[in-house]
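In: Could you look at this predicted model? Sequence included:
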Amino acid sequence: MDEVLLRSLTPTVISVLVRRGADFAAAEDAVQDALVEAVRVWPDDPPRDPKGWLVTVAWRRFIDATRSETARRLREERVDDEPEPGPASGSDDTLQLYFLCAHPSLTPSSAVALTLRAVGGLTTRQVAEAYLVPEATMAQRISRAKRTLADVRLDQPGDVATVLRVLYLVFNEGYSGDVDLAAEAIRLTRLLSGLIDHPEVLGLLALMLLHHARRPARTRADGGLVTLAEQDRTLWDTAMIAEGIGILQRALARDRLGEYQAQAAVAALHADAPSAEETDWVQVVEWYDELLRITDSPVVRLNRAVAVGEADGPRAGLAALDEVDETVPRYLAVEAYLRERDGDPARAAELYVEAARRATSQAERDHLTRRAARLNGAGPRLT
Amino acid sequence: MAKYLMLKHYRGAPAPEGFVTMDQWTPEEISDHIRYMNEFADRLRESGEFVSEAALAPEGSWVQHGGAGKPPVTDGPFAETKDLIAGFMIIDVDSHERAVELAGELSAAPGKDGAPIHEWLELRPLLESMPTITE
């Protein structure tokens, strides 16, 4: 069964139901039921017209589930002459779904869950597994999100920036369970780029592709983290990098710079370098300066200090680090790295230990502990 | 989106002021306390923030690898063990502030005379998966 095809039909089928008079929440529930049914039935009995099948099953579910006077009237009027899905449900409807699911009244976790279900066509169980919560909890999160949206009209104009933030969150969560969230985020961003003409959508798509291309090199077989400098670059997906760079160039040509384009530019400079030493660090610093002008985020300041350390030496990096708020996550890890490169292994080892204590992920903690162990003489030193 | 563990202690947590042990409450006060805890968990299920919970038996055993080809060694209980976990709840929330708010709410469970017990709860973030984009 082509699960991606099934998922890609989801927003269209929701739109068909909404056009027939269902409200968004009920339509979304009915389509979710139809998806679950399709996963059960299609492998043995694939439909000739997948979209028509989904519309028919979802519409029946909607009618069954709705007992109000309105629904009875709808049923009487429409069940005999079920309208063809046809061209009525166009790309504008899908774009509206993106806006609705990323509505600013939703919390980030609700927006992510609803986007993955209503636009991505994932089942509640798949979303729950990906985020490591019980299915019942995820179901509640989604139905609460839909209650929050009860008074929002589907045809209101939305803000593409909120949609991009949600897609960025999905991508950056990494992956767990049987759904590859990073790949799903790329699919949804690619779909969005066909629905709306906006350089930041292209910027985010390029950013995702350029990072996804490095994924095979990011972790060791045991799950341990491999830093950018230590990655085996022959493992990088060069076709994906080429696509990402091409998309980024199209975006930059529009001359409307935004944070995702600038981040993608940094990623492109890394992707383009045959080795860490051959990276154009001066340009990387320049892009971080651009990013600071756009966002002025402490995380960007921190990353800029790393790049300055590579471009102008560890002393310059430490000077740049002085301007960064010490409470930013990974501050100590960066200071440890710069002290190590500045020839102070004892101080660096202490800092790595403290950085490991403050790490927010296990992979990062283990990585920093290994760095400390290496400096403490338990293994070969870095040059 | 971050997961937190809320730990209830039998002992090892700072003692709240004026705490009266449960065996000195009336049976109704105990029922009210348990109902509060159950309703708290139900609210979290309803809000989509609940992950799991369990209460732990106070008595357990210490287990250690006993060497190649030998059974594990069990020992204890050790008198010097200061910390004793009574139970836990794992929540999945949008912010640290929300986690603190919920722990504060759980700590307000009623005790003697229906007054909040002000129990100290230990709130610990779970380590997350590594984000893809870090540079």
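Out: It's in. In this text the structure is predicted, and so the values were computed from the model without any measurement.
In: looking at chain B, which helix or strand is least sure?
Out: Every helix and strand of chain B was ranked by mean pLDDT, DSSP states H and E. The lowest is strand B:73-75, at a mean of 88.
In: May I see the buried residues of the next helix or strand after it?
Out: For strand B:73-75, the following helix or strand on the C-terminal side (DSSP states H and E) is strand B:84-93. Across strand B:84-93, burial judged by 16 or more other CB atoms under 10 Å in any protein chain shown covers B:I85, B:A86, B:F88, B:M89, B:I90, B:I91, B:D92, B:V93. Quick note: C-beta positions are derived from backbone N, CA and C, even for glycine.
In: so which strand or helix has the closest residue to B:P110 other than its chain neighbours?
Out: Closest residue to B:P110 apart from its sequence neighbours, by CB to CB, 6 or more residues apart in numbering or on different chains: B:D32 at 5.2 Å. Under the criterion of DSSP H and E, B:D32 resides in helix B:27-47.
In: Any part of whichever helix or strand comes after that helix near chain A?
Out: Next along the chain after helix B:27-47, taking DSSP H and E as the criterion, comes strand B:50-55. Yes - legend: contact between strand B:50-55 and chain A by CB under 8 Å from any CB of the partner chain is shown at B:F50, B:V51, B:S52.
In: neighbours of the first one, just the number please.
Out: Looking back up the chat, that one is B:F50. Applying other CB atoms under 10 Å in any protein chain shown, we find 22 residues neighbouring B:F50.
In: quick one: contacts for it?
Out: A:V133, A:P134, A:T137, B:A41, B:L44, B:M89, B:I91, B:D92 (CB atoms under 8 Å, 6 or more residues apart in numbering or on different chains).
In: Could I get those in CSV, plus columns for distance to A:T227?
Out: Listed next are the contacts of B:F50 as CSV, based on distance: CB to CB, whole Å:
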residue, distance to A:T227
A:V133, 31
A:P134, 35
A:T137, 35
B:A41, 42
B:L44, 38
B:M89, 36
B:I91, 33
B:D92, 29
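In: Name the SS class of the residue lying farthest from the centre of chain B, please.
Out: Largest separation from the mean C-alpha position in chain B: B:G69, at 36.9 Å (CA atoms, centre = their mean). Classification of B:G69 by DSSP: H, G, I helix; E, B strand; the rest coil places it in coil.
In: Identify the residues contacting it.
Out: Per CB under 8 Å, 6+ apart, neighbours of B:G69: none.
In: Spatially nearest residue to A:T369, not counting backbone neighbours?
Out: That would be A:A356: by CB to CB, 6+ apart, it lies 4.7 Å from A:T369.
In: The one you found is in what secondary structure piece?
Out: With DSSP H and E as the criterion, A:A356 is inside helix A:345-358.
In: which of the residues in stretch A:195-215 are buried?
Out: Residues of stretch A:195-215 classed as buried by neighbour count (16+ other CB under 10 Å): A:195-196, A:198-215.
In: Please apply the same query to stretch A:184-197.
Out: By 16+ other CB under 10 Å, the buried positions in stretch A:184-197 come out as A:E184, A:A185, A:I186, A:R187, A:L188, A:T189, A:L191, A:L192, A:S193, A:L195, A:I196.
In: And the residue of chain B that's closest to chain A?
Out: Of all residues in chain B, B:G48 sits closest to chain A, at 2.9 Å by CB to the nearest CB.
In: pretty sure that residue is in contact with A:E135, am I right?
Out: No - between B:G48 and A:E135 there is no contact under CB atoms under 8 Å: 11.1 Å.
In: quick one on the thing from earlier: ok, so what distance separates the residue of chain B closest to chain A from A:T148?
Out: Distance of B:G48 to A:T148, given as CB to CB, to the nearest Å: 11 Å.
In: Who are the contact partners of whichever residue of the stretch 51-200 of chain A sits closest to chain B?
Out: Proximity of the stretch 51-200 of chain A to chain B (CB to the nearest CB) peaks at A:R141, 2.9 Å away. Contacts of A:R141 were listed using CB under 8 Å, 6+ apart, and they are A:S109, A:S110, A:A113, B:S47, B:G48, B:E49.
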